[in-house]
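Engineer: Test case, fold it:
(chains A and B)
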Amino acid sequence: MKIVVCIKQVPDSDKVTIDRATNRLNRAGVPAVMNPFDENALEVALRLKDAVPGSTVTVVSMGPPQAEAVVREAIARGATDGVLVSGREFGGADTWATGYTLALAIRKLGPADLVLFGKQATDGDTAQVGPGIAHHLGLPVLTYAKAVEALPGGKALKVVRATEDGHEEWEVDLPCALTVVKEAGELRIGSLKSKMAAKKAQIPVWGVAELEPDPELIGLKGSPTRVTKVFAPPIKTNRVHLEGTPAEQAEKLVALLAERHLV
Amino acid sequence: MNEIWVFAEQREGALQSVSCELLSEGRELAAKSGYELCALLLSENGAALAPELFAHGAKKVYAMDAPQFAFYQNDFWSAAVRQAVEARKPEILLFGATSIGRSLAPTVAAALHTGLTADCTHLDIDMNKYLDFLRTGSTLKVDDMKWKMEDINLKMTRPAFGGHLLATIICPRFRPCMSTVRPGVMKKAPFDEAKAAACKTTLFDVKLDDERLKTKVLEVVKEARNIVDLLGAEVIVSVGQGIANDPQKGIALAQELADVLGGVVGASRAVVDAGWITADHQVGQTGKTVRPKIYIALGISGAIQHKAGMQDSELIIAVNKNALAPIFEVADYGITGDLWKVVPMMIDAAKAAKGV
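Structural biologist: Got it, this is the predicted structure:
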């Protein structure tokens, strides 16, 4: 099975803070990691690779040059190889332009049986790029996959999809695309062999020359949506700290709730 | 006439609440813009569900009836939405950010080559209303800034950078302008009997190609246990890492306090990840966004992805032994203290106040 996994390098969201003086993000020194849900997607790919002999797992990432680190990390965990899509022209892309660009890269890799995505990236949180790419590639897509199994015959997959109140079991023909949730599998550590391979791996960087995109459809220029304002939510000014012993604090609180007819 | 469309999401013939919430919001947008509010309904029998859509403000219901719409299947549903949009060309198209909406909307947006903004918490067409929102909802010095007052693009505001900040996004060059909104974010207006009765559904033809179908659903399983209704709760008592010393006791205390106050138990991501409680209780960026009357955070530090899911609650109370915990930034009432001591006292005091 030829499997492609899209991965994204994101800031480690637990470590980002706001500078309240300027109301801007403190970006300096925040470590960059592989988007957590993409780790789960990669694990799904690696399990299928183990189950179906002769399979390959290629990762694709779109980002600035330093995003090469997550491609290399994926190889260290067991991916066969990877590609970084990078170039100034791609910068500022919204989910539509990102999907268009990544679809070009995936198509350039040759026909894939399965394209995998994490449910959403923790910096943008839109969950839009996966289904968008599936559309550009003409692939059926199932979202929220929590279990994926290759069916005998190599032509279809059985997928368990998580829903708000339970789950669904689906059969989907290959080629197809899936977005994956955390339950689908925790990413393995990687063997000594794959770590060595990652050290030596040559990771091509594909820019506009390699992908030959329509220049009107990439980057900020190609983005249908545009951010007009970024701002901080207001700070609550009438916050009250309740002092005293636990009993006193509890009494004060309940009295305040009673005043508001909430108790 | 420019139209605002709300995708009316039905599951097994039951209309999802988020669609009525969006129609209620859509009514405001339509009133300010002069656009007409319509619902797009994919189902087996649209006429049965249409009255409820009219009752919540739809002026028109475009119903696409087909047996293939009994169950959500992305290929068919996205093809149908695309056909309807290409025929009628609405200005705006809104979806609930449910497991269906979050899959269907991006597929449709890619196919229509238009912009989609996810998880919007605020929508405005009229610039005056938008500026009013910014005056109370942001730290911007609105009246010192220059604005294009004639701008009638839909201004879609959503949390950005993991919820630290908010961003307003527009889609100036393409139509329809698409947006998803999480359940529970917009207020649902009351059911208007008179409007429900005065309904006229427009049946819309849909062409579906069975040949194209590459996915087949084999089985649908509903969880046997009761899923907690966080979105409908007026009071949520949430637990975080602070209960680590005795998670089950912590959850039991939260449940007892919730029972006294008429609410339900919520949890932070850490508590769910640790396996102490099931995922349906999770509040936060990858859980649910809630806006109850009262949100009580017990032993929750207030990581940004948690705050993003509850910071718009009407009244927020936090108990944490760390006086510097970020949760206190959003709490109306803060208690620095040991939750194991404070919460039993809260339960007793609340029971006393109720005369129990």
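Engineer: Looking at the residue nearest to residue B:306 when sequence neighbours are not counted now. What's its pLDDT?
Structural biologist: Nearest in space to residue B:306, with sequence neighbours left out and distances taken as C-beta to C-beta, 6 or more residues apart in numbering or on different chains, is residue B:284 at 4.4 Å. No exception for glycine: its C-beta is placed from N, CA and C like everyone else's. Looking at residue B:284, its pLDDT reads 90.
Engineer: quick one: residue B:284 and residue B:302 touch, right?
Structural biologist: No - the criterion here is C-beta atoms under 8 Å, and residue B:284 misses it with residue B:302 at 10.6 Å.
Engineer: Look at those two and report which has more neighbours.
Structural biologist: Applying other C-beta atoms under 10 Å in any protein chain shown to residue B:284 and residue B:302 shows that residue B:284 carries more neighbours, namely 25 against 22.
Engineer: What is the burial count for whatever residue of the stretch 101-250 of chain B ends up closest to chain A?
Structural biologist: Of all residues in the stretch 101-250 of chain B, residue B:115 sits closest to chain A, at 3.3 Å by C-beta to the nearest C-beta. Using other C-beta under 10 Å, residue B:115 has 26 other residues around it.
Engineer: Does it touch residue B:175 like I think?
Structural biologist: No - look at residue B:115 against residue B:175 with C-beta under 8 Å: they stay out of range, at 9.2 Å.
Engineer: Report the buried residues of the worst-scoring helix or strand of chain B on mean pLDDT.
Structural biologist: The helix or strand of chain B with the poorest confidence is helix B:193-197; it has a mean of 81 (mean pLDDT, DSSP states H and E). Counting neighbours by 16 or more other C-beta atoms under 10 Å in any protein chain shown, one finds that the buried residues in helix B:193-197 are residue B:195.
Engineer: Tell me if stretch B:145-152 is near chain A.
Structural biologist: No - counting by C-beta under 8 Å from any C-beta of the partner chain, chain A is not contacted by stretch B:145-152; separation bottoms out at 8.8 Å.
Engineer: Average pLDDT for that stretch, rounded please.
Structural biologist: Per-residue scores along stretch B:145-152 average to 94.
Engineer: same deal with stretch B:329-336?
Structural biologist: 94.
Engineer: just stretch A:225-240 next, same as before
Structural biologist: 87.
Engineer: contacts for that stretch?
Structural biologist: With C-beta atoms under 8 Å, 6 or more residues apart in numbering or on different chains as the test, stretch A:225-240 has contacts from A:18, A:20, A:23, A:94-96, A:220, A:256, B:115-117, B:134, B:136-140, B:155, B:160, B:164-172, B:311, B:328-334.
Engineer: Name the next helix or strand following the least confident helix or strand of chain B along the chain.
Structural biologist: strand B:201-203 (DSSP states H and E).
Engineer: quick one: strands adjacent to that following strand?
Structural biologist: Neighbouring strands of strand B:201-203 in its sheet, by DSSP bridges, are strand B:60-65 (parallel).
Engineer: was I right about residue B:84 contacting residue B:61?
Structural biologist: No - counting by C-beta under 8 Å, residue B:84 stays clear of residue B:61, with 11.8 Å between them.
Engineer: Comparing the two, which residue is more hemmed in?
Structural biologist: More crowded of residue B:84 and residue B:61, by other C-beta under 10 Å: residue B:61, with 25 against 22.
Engineer: That one: what's it in contact with?
Structural biologist: With C-beta under 8 Å, 6+ apart, residue B:61 has these contacts: B:8, B:38-39, B:41, B:46, B:50, B:53-54, B:199, B:201-202.
Engineer: average pLDDT across stretch B:80-93?
Structural biologist: When pLDDT is averaged over stretch B:80-93, the result is 96.
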